[in-house]
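Visitor: This is the structure alone, sequence omitted:
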């Protein structure tokens, strides 16, 4: 017997009410962000992720104030000797020579150039990309190290490099950049993806041949976003498309089985006694929804990603601020991950804005 209209409306009410509220929160986070003077943000990894998120919400809303803010942030780096910064590190923020954390701003500025083509924006993005290709420290197999002389693969590095390589491949008509992005993911998966769970560990050392022992949630977020942004630039007939898709499929199964009942992921994904973490959950929502949109993952994973999006909003987003984000995290033992302080950080804000940009798409899982 068909459900009566009042009962049907009552059943749908939570869904109908929730989505606009969450997207209002999404916009409020961007609006709160642009209240901060852009000059206060350095050319560093968290700030790069935050500005990527700002460009993603601009792509969806076309709000000129977001673009204007991004331009103000970018202009302070125009004409600067970025190669020297990339080579020497930045003493002001305590970074090391060749540090990969200085690469993600290049991706954000590439997105700015795509929105508003100005030669100085292209030059910044191209300089960072050229550094990755020509100068960055690599393992004997060709996998990118985290900084000069660091003989380790950290999963964070994938997101610092792959979206920029993939984007510049299309912009400059150089498929070898996209090939390199794909090769990075494949090399990292060979050393860091657990065959049984599909989840990634944080670090593998190519000298000692040892790796960390815990599946770190934000690390898996970096990987799933890297897969999504790399596959977006790749035709299905590309040699690496199927291998990357298989990596994503194994990951999705592991993500599904490790998601807690509230929709979040714990910072150690197989340890329910470790705290749930907002940035990882937002990253997974972005990566999975985008991979579904691209046809690289089955649509059945949309429920997992949508649950994650709702959970972040309900628990961690208030007054335009994203909280529940773990501080910068180095590869270590379980106690290190469990005790990292929680707060509001640029990378959490960026990941949240990115996730919302996929939820906002017409006909997407949120509709």
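Guide: It's in. Everything quoted here is computed from the prediction, not taken from an experiment.
Visitor: just the helices in the stretch 251-367 of the chain please.
Guide: For the stretch 251-367 of the chain, applying DSSP state H, counting those that start in this stretch gives helices covering 278-293, 302-316, 334-339, 346-359.
Visitor: Residue 100 contacts residue 150, correct?
Guide: No. Residue 100 is not in contact with residue 150 according to C-beta atoms under 8 Å; the separation is 9.1 Å. Where C-beta positions appear, they are placed from N, C-alpha and C, glycine not excepted.
Visitor: Would you mind telling me which of the two has more residues around it?
Guide: residue 100 (27 against 19; other C-beta atoms under 10 Å).
Visitor: that older thread, pipe the helices of the stretch 251-367 of the chain into a markdown table and attach mean pLDDT per row.
Guide: What follows is the helices of the stretch 251-367 of the chain, written out as a markdown table (pLDDT from 0 to 100):
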| stretch | mean pLDDT |
| --- | --- |
| helix 278-293 | 98 |
| helix 302-316 | 97 |
| helix 334-339 | 97 |
| helix 346-359 | 98 |
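Visitor: out of these, which comes closest to residue 242?
Guide: Residue 242 lies closest to helix 278-293 among the helices of the stretch 251-367 of the chain, at 13.8 Å (C-beta to C-beta).
Visitor: other SSEs contacting that closest one?
Guide: Applying 3 or more C-beta pairs under 8 Å, 6 or more residues apart in numbering; DSSP states H and E, we find helix 278-293 packed against helix 217-232, helix 241-258, helix 302-316, strand 321-322, strand 325-326, helix 346-359.
Visitor: Generate TSV for the ones you listed, with distance to residue 120 as supplementary columns.
Guide: Below are the helices and strands packed on helix 278-293 laid out as TSV (distance: least, C-beta to C-beta, whole Å):
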stretch	distance to residue 120
helix 217-232	24
helix 241-258	33
helix 302-316	35
strand 321-322	31
strand 325-326	32
helix 346-359	23
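Visitor: quick one: which of the ones you listed is nearest residue 51?
Guide: Closest to residue 51 of the helices and strands packed on helix 278-293 is helix 346-359 (C-beta to C-beta; 7.1 Å).
Visitor: Packing partners of that closest one?
Guide: With contacts defined as 3+ C-beta pairs under 8 Å, 6+ apart, helix 346-359 has these neighbours: helix 5-33, helix 45-61, helix 217-232, helix 278-293, helix 302-316, strand 321-322.
Visitor: And the contacts of stretch 275-285?
Guide: Residues from elsewhere that reach stretch 275-285, judged by C-beta atoms under 8 Å, 6 or more residues apart in numbering: 217-218, 220-222, 224-225, 255, 260, 262-267, 305-306, 308-309, 311-312, 315-316, 322-326, 338, 342, 345, 347-348, 351-352, 354-355, 358-359.
Visitor: same thing but at 7 Å, please
Guide: With C-beta atoms under 7 Å, 6 or more residues apart in numbering as the test, stretch 275-285 has contacts from 217-218, 220-222, 224-225, 255, 260, 264-267, 305, 308-309, 311-312, 316, 322-326, 342, 347-348, 351-352, 355.
Visitor: before we move on, back to that, most packed of the helices and strands packed on helix 346-359?
Guide: helix 278-293 (a mean of 29; mean count of other C-beta atoms under 10 Å).
Visitor: how big is the angle separating it from helix 346-359?
Guide: Interaxial angle of helix 278-293 relative to helix 346-359 (axes from the mean of the first three to the mean of the last three C-alpha atoms, to 10 degrees): 30 degrees.
Visitor: Use 749 as the first number from now on
Guide: Done: numbering now begins at 749, and the last item shifts to helix 1026-1041.
Visitor: just how off-centre is helix 1026-1041 within its chain?
Guide: How far helix 1026-1041 lies from its chain's middle: 8 Å, per C-alpha atoms, centre = their mean, to the nearest Å.
Visitor: Over to stretch 796-816?
Guide: Taking C-alpha atoms, centre = their mean, one finds the center of stretch 796-816 at 15 Å from the center of the full chain.
Visitor: among the helices of the stretch 999-1115 of the chain, which is nearest residue 777?
Guide: helix 1094-1107 (6.1 Å).
Visitor: Setting the sequence-adjacent residues aside, check what's closest to residue 821.
Guide: Excluding the flanking residues, the one nearest residue 821 by C-beta to C-beta, 6 or more residues apart in numbering is residue 786, at 3.8 Å.
Visitor: Tell me how many other residues crowd that neighbour.
Guide: Using other C-beta under 10 Å: residue 786 sits among 19 other residues.
Visitor: Now that it has come up, it's in contact with residue 823, right?
Guide: No. If you go by C-beta atoms under 7 Å, residue 786 and residue 823 don't touch, sitting 8.9 Å apart.
Visitor: Under the pLDDT cut-off, which ranges of the protein? List them.
Guide: 749-769, 1111-1115 (pLDDT under 70).
Visitor: Please report how far residue 1080 lies from residue 820.
Guide: 37 Å (C-beta to C-beta, to the nearest Å).
Visitor: cool, and residue 1068?
Guide: In terms of C-beta to C-beta, residue 1068 sits 19 Å off from residue 820.
Visitor: what does residue 1055 give?
Guide: Using C-beta to C-beta, we find residue 1055 at a distance of 36 Å from residue 820.
Visitor: Same question for residue 855.
Guide: Distance, residue 855 to residue 820, using C-beta to C-beta: 18 Å.
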